[in-house]
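Trainee: the following block contains a protein sequence and its predicted model.
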Amino acid sequence: MPTENRRVTFLLEDDMLKRLEGFRFQYRLANMSQAVLLLIQLGLVKLEEEKEAGNELIYRASRTRGGFRAPRYEFLNKEQLDAIRLGGEDKNLP
């Protein structure tokens with residue numbers, strides 16, 4: 001019987017895969033698909049909660065010790081976003 005679900009394929013770095021495996025075993029999930037689906041559901045709920053609270057998810061690159069930029073996503077409130085948009089530094093920014 002064919003399924004109506006769609007298959008999605010993606011690549012993970014070793015560190016992310018280890019973290020995902022740890023999550024799977026910590027919560028005793030039957031397989032990786034369940035772990036990925038649960039994390040997606042939790043993330044979507046968090047996004048909705050933050051949006052309702054008036055916060056916005058933004059991407060900010062940060063420098064690492066090796067000088068490379070590491071992607072970083074943060075929830076910021078309106079005041080923090082305004083400070084960034086105006087080019088000012090706010091000591092309350094994460």
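Mentor: Perfect, I can see it now.
Trainee: let me know the pLDDT of residue 94.
Mentor: At residue 94, the pLDDT value in this model is 48.
Trainee: try residue 28
Mentor: pLDDT, residue 28: 97.
Trainee: do residue 67 as well
Mentor: For residue 67, the model assigns a pLDDT of 62.
Trainee: for residue 15, grab the count of nearby residues.
Mentor: The tally of other residues near residue 15 (other CB atoms under 10 Å) stands at 8. Just so you know, the C-beta spots here come from the backbone N, C-alpha and C atoms, and that holds for glycine as well.
Trainee: how close does it get to residue 23?
Mentor: 13 Å (CB to CB, to the nearest Å).
Trainee: residue 37 now?
Mentor: 12 Å.
Trainee: what of residue 76?
Mentor: Distance from residue 76 to residue 23, counting by CB to CB: 26 Å.
Trainee: neighbour count for the two, which is higher?
Mentor: In this view residue 76 and residue 23 are compared by other CB under 10 Å, and residue 76 has more residues nearby, 20 against 15.
Trainee: helix/strand/coil for residue 87?
Mentor: Secondary structure, DSSP: H, G, I helix; E, B strand; the rest coil: residue 87 is coil.
Trainee: how deep is it tucked in, by neighbour count?
Mentor: 6.
Trainee: and if you look at residue 29?
Mentor: By the criterion of other CB under 10 Å, residue 29 has 15 neighbours.
Trainee: how much space between it and residue 12?
Mentor: 16 Å.
Trainee: using the record's assignment, carve this protein into domains.
Mentor: 12-44, 54-94 (automatic domain parsing).
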